[in-house]
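>>> Here's a sequence, model it:
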Amino acid sequence: MEHNNINVSDAVRILAIAPYEGMIGLIEKESRKFPQLKLDIVAGNLEEGVQLAQANFHADYDIILSRGGTAELLRARVDIPVAEIPISFYDILRAIQLSANTGGKRAVIGYGSVTCNVQLINDLLGLDLDIYTIVNSEDIASIVQNLKAEGCQAVICDVISSTYVREAGMNAILITSSADSIDLALQSAIQTAHDMNRLRMENHFLRSVLREHSGETVVFNERNDLYFSSLSDEDDHGILQILKEMIPEVHEGTARHVWKSVKGFMYSIKSAVVQVEGKDYTAYYFTMSRSNAGLRNAGISFYTRNEAEAALKDSFYHLANEVDFLSEAIDSYNKTNRPILITGEYGTGRTSVASYIYTHSELKSRPLAEIDCSMLKDRSADFLFNSQRSPFCFSKNTILIKNMEHCSEQMMNDMLNALNDMRVCSNNHVIFSGSTDGAVFPHYVRYIKDKFQCCEIELSPLREVREQIPAIVNLYLNYLSTQLPNDVMRVDRKAMDLLQDYPWPGNYIQFERILSQAVLDSSDHIVHEEEIQRLFSMEKEVADLPGSSGGTMFNLHQPLSDIQRDIIEKVLAENGGNQSSAAKQLHIGRTTLWRMLKEE
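As a prediction, this is how the structure comes out:
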């Protein structure tokens, strides 16, 4: 036989599984034509052959050589490539010829790879053979019994079927493989092994190239198992587990580009779903750099849509359904992609509203960058305004700049200049958030609204929606029943009156804390007036004004406007009546101070 031009300079290790003993000698003989072939041969068929292959897995074979049903079963059960010994037309014709002298009715039993060729021969030669294709080896016994009942004299078949045929008292004509078939199979096995080796070399080369690249690459297969990683073990830092957990988000399209801070390292991660032969692989491409959370990145965080949705879902403001009253306006604002300005007191749900805006926008598949002005340090501010890796340098992201009431005048000027010079609001969807009670921020609100053409959302303090408190209480009690061990059914009338009359300086955050404590303290499934009174007293019956030298006490059992007036008058007295100095100490504007003094 003429051989293909195969380079056998490299040794190839083959495990050959022969379905019958006679094939062993034939394989040994043909293998001598390939001097550098390292071959081990065992005899076994179907499940026995699979067990032999699995038992010899440690021997590090390049390829397995087998035949018929055993080869098909091996492909499904082992990871090593399988080369099949073909059953040629010559092999089939020889078996048919041998069966000709048996007399009587003849049949053929075999797997599809055999019976399709038998059918061609049967049609061409008009042999009138009954042909049965095996789908499952468990069907062989019933097929043989039917043939016996029909008076069949001889069955052309493979090794497994031959056992059943002989037990049924019929002649079994085994389809054996010729030397040519085995020769072809060995050539194919060697070629496949060299192809696989070339792929391994290419893979090794790609790994080397990727390691030299400034970024890293990680790939998970369709079973979410790690398939490829250019990371070394010491560079993992737990990022592989995080990437694995992100796979559902990647396939949903909600994590195409995210940032993660892990054990002192900042990761900029891009992801993609790659299809190979109908299977989905999850690929990540990322860069990592050492970060100092206390300095360079303090106050700067990144979130995916799923993370933002989870935080919003668990927020009290969302549980109270307050954000639903704004949904129509938010949906309208999101269509324009204009910056949005959210104002409101501490605890009124500004961050929850910002999360809702982000998770319902067209940019929800991109990251949410959160800049908390109350946590920015000098180095993190420098990173924000001057680094090429600042969130301000990216595009098509959502940027939340919150707690702007804590900005100094210099910080506010730097922030607005950076937003303007770098065209941040044009390239991203920006959300401004702050309290108008701050010292500096209120003076810039008009500028921010006009300069960046913001849509505005003003959140009402809880004391201004007292009529909604009973409904909010019931909604939150229902939620707490799934979170806390105490099963509280209701708040009694007098306790509800207290909740409605309280000024709630901490708004929804304070409300959530007090109601949770009341539920935990309840002993009879009802929150009573006494429990609410005790909790209010723990909020401090009197307040000591921070910074006052005399330790002056203020009565909190009076309307909020009267408490504010008492505090302002005390600060004015300490500043000799100078309203500008008093306003600066209270971190409010002079106009705000004057207005609060004039309120009845």
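>>> CA only for contacts and neighbour counts going forward, please
Will do.
>>> and residue 308, what helix or strand is that in?
helix 305-313 (DSSP states H and E).
>>> can you list contacts of that helix?
Defining contact as CA atoms under 8 Å, 6 or more residues apart in numbering, one finds that helix 305-313 is touched by 249, 254-255, 318-319, 352, 355-356, 358-359, 364-368.
>>> centroid residue for the chain?
Of all residues in the chain, the one closest to the mean position by CA atoms, centre = their mean is residue 246, 2.0 Å from it.
>>> Show the contacting residues for that one.
The contact partners of residue 246, by CA under 8 Å, 6+ apart, come to residue 255.
>>> hmm, 10 Å instead?
Under the criterion of CA atoms under 10 Å, 6 or more residues apart in numbering, the contact partners of residue 246 comprise 240, 254, 255, 271, 282, 304, 306.
>>> quick check, nearest of the residues you listed to residue 494?
For residue 494, the closest of these turns out to be residue 306, at 40.8 Å, with distances computed as CA to CA.
>>> Mean pLDDT per helix and strand in the chain: which one sits at the bottom?
Using mean pLDDT, DSSP states H and E, the weakest-scoring helix or strand in the chain turns out to be strand 542-544, at a mean of 39.
>>> Check which helix or strand the nearest residue in space to residue 456 that is not next to it in sequence maps to.
Closest residue in space to residue 456, ignoring its immediate chain neighbours: residue 341 at 4.7 Å, by CA to CA, 6 or more residues apart in numbering. Following DSSP H and E, one finds residue 341 within strand 340-343.
>>> Now do the strands for the stretch 151-300 of the chain: every range, in order, please.
Chain-ordered strands for the stretch 151-300 of the chain, with DSSP state E, counting those that start in this stretch as the definition, fall at 152-157, 171-174, 216-220, 226-229, 257-262, 265-276, 279-290, 300-303.
>>> So residue 484 sits against residue 518, correct?
No - the pair residue 484 and residue 518 fails to qualify as a contact (CA atoms under 10 Å) at a distance of 11.5 Å.
>>> the more surrounded of the two?
Neighbour comparison, residue 484 and residue 518: the larger count goes to residue 518, with 20 against 13 (by other CA atoms under 10 Å).
>>> gap between the more buried one and residue 480?
11 Å (CA to CA, to the nearest Å).
>>> Tell me who's in contact with the nearest residue to residue 301 once chain neighbours are set aside.
The shortest distance from residue 301 to any non-neighbouring residue, by CA to CA, 6+ apart, is to residue 370 (5.1 Å). By CA under 10 Å, 6+ apart, the contact list for residue 370 reads 299-303, 351, 354, 391, 398-402, 431.
>>> all strands of the stretch 501-600 of the chain, in order?
For the stretch 501-600 of the chain, applying DSSP E, counting those that start in this stretch gives strands covering 526-527, 542-544, 553-555.
>>> How many residues are close by residue 355?
Based on other CA under 10 Å, the number of other residues close to residue 355 is 24.
>>> hmm, back to that, overlap in contacts, residue 518 and residue 480.
Contact with both residue 518 and residue 480 is made by residues residue 488, according to CA under 10 Å, 6+ apart.
>>> hang on, isn't residue 342 packed against residue 448?
No - at 11.4 Å, residue 342 and residue 448 do not qualify as touching, with contact defined as CA under 10 Å.
>>> Now the common contact residues for those two.
Counting by CA under 10 Å, 6+ apart, the residues touching both residue 342 and residue 448 are 432, 454.
>>> which one of those two has more residues nearby?
Between residue 342 and residue 448, counting by other CA under 10 Å, residue 342 is the more crowded of the two (22 against 17).
>>> list the contacts for the residue nearest to residue 492 when sequence neighbours are not counted?
Distances taken as CA to CA, 6+ apart place residue 528 nearest to residue 492, at 5.7 Å, with adjacent residues excluded. The contact partners of residue 528, by CA under 10 Å, 6+ apart, come to 490, 491, 492, 493, 494, 495, 496, 518, 519, 521, 522.
>>> care to break the chain down by domain?
By the assignment in automatic domain parsing, the chain contains the domains 12-86+180-195, 89-176, 221-290, 308-459, 463-538, 542-598.
>>> closest to residue 215 out of those?
Among these, domain 221-290 sits nearest to residue 215 (CA to CA), with 4.7 Å.
>>> For the closest one, what does the pLDDT average out to?
Confidence over domain 221-290, taken as the mean pLDDT, stands at 80.
>>> rewinding a little: partner residues bridging the residue nearest to residue 301?
Beta bridges link residue 370 to residue 301, residue 400 when assigned by DSSP bridges.
>>> ditto for residue 343
Legend: beta-bridge partners of residue 343 under DSSP bridges are residue 434, residue 458.
>>> Going forward, count from 28.
With 28 as the first residue, the last one maps to residue 370.
>>> will you turn the contacts of residue 397 into a markdown table that also has distance to residue 223?
Written out in a markdown table, the entries for the contacts of residue 397 read as follows (distance: CA to CA, whole Å):
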| residue | distance to residue 223 |
| --- | --- |
| 326 | 51 |
| 327 | 47 |
| 328 | 45 |
| 329 | 42 |
| 330 | 42 |
| 378 | 55 |
| 381 | 53 |
| 418 | 45 |
| 425 | 46 |
| 426 | 48 |
| 427 | 51 |
| 428 | 54 |
| 429 | 56 |
| 458 | 54 |
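>>> Doesn't residue 158 belong to a strand?
Yes - note on residue 158: a strand contains this position according to DSSP: H, G, I helix; E, B strand; the rest coil.
>>> Next up, the contacts around it.
133, 134, 135, 136, 137, 142, 143, 145, 146, 149, 182, 183.
>>> what's the answer for residue 269, then?
Contacts of residue 269 were listed using CA under 10 Å, 6+ apart, and they are 287, 289.
>>> List the contacts of stretch 413-423.
When contacts are defined by CA under 10 Å, 6+ apart, stretch 413-423 is touched by residues 295, 324, 327-329, 389-398, 407-412, 424-426, 445-446, 449-456.
>>> Apply the buried test to these and list what passes.
Buried members of the contacts of stretch 413-423, scored by 16 or more other CA atoms under 10 Å, are 295, 324, 327-329, 390-398, 407-408, 410-412, 424-426, 445-446, 451-453, 455-456.
>>> For residue 140, which three-state class applies?
Reducing the assignment at residue 140 to three states with three-state DSSP gives helix.
>>> give me the number of residues near it?
The number of residues packed around residue 140, counting by other CA under 10 Å, is 14.
>>> measure it to residue 95 for me?
Plainly put, residue 140 is 7 Å away from residue 95 if you go by CA to CA.
>>> and for those two, which residues touch both?
Shared contacts of residue 140 and residue 95, defined by CA under 10 Å, 6+ apart, are found at 113, 114.
>>> can you give me the mean pLDDT across stretch 358-367?
The average pLDDT for stretch 358-367 rounds to 91.
>>> So for it, first residue to last residue, what's the gap.
Here the two ends of stretch 358-367 are set 12 Å apart, with distance taken as CA to CA.
>>> Tell me, what's the model's pLDDT at residue 455?
Each residue has a pLDDT score; the one for residue 455 is 93.
>>> What separation is there between it and residue 127?
Using CA to CA, we find residue 455 at a distance of 82 Å from residue 127.
>>> Residue 596 now?
With distances taken as CA to CA, residue 596 is found 120 Å from residue 127.
>>> next one: residue 113
23 Å.
>>> next one: residue 524
Look at residue 524 and residue 127: by CA to CA, they are 103 Å apart.
>>> residues in contact with stretch 46-54?
If you take CA under 10 Å, 6+ apart as the criterion, stretch 46-54 is touched by 43-45, 56, 58, 66-73, 75-76, 93-97, 185-187, 201, 203-206, 209-210, 212-213.
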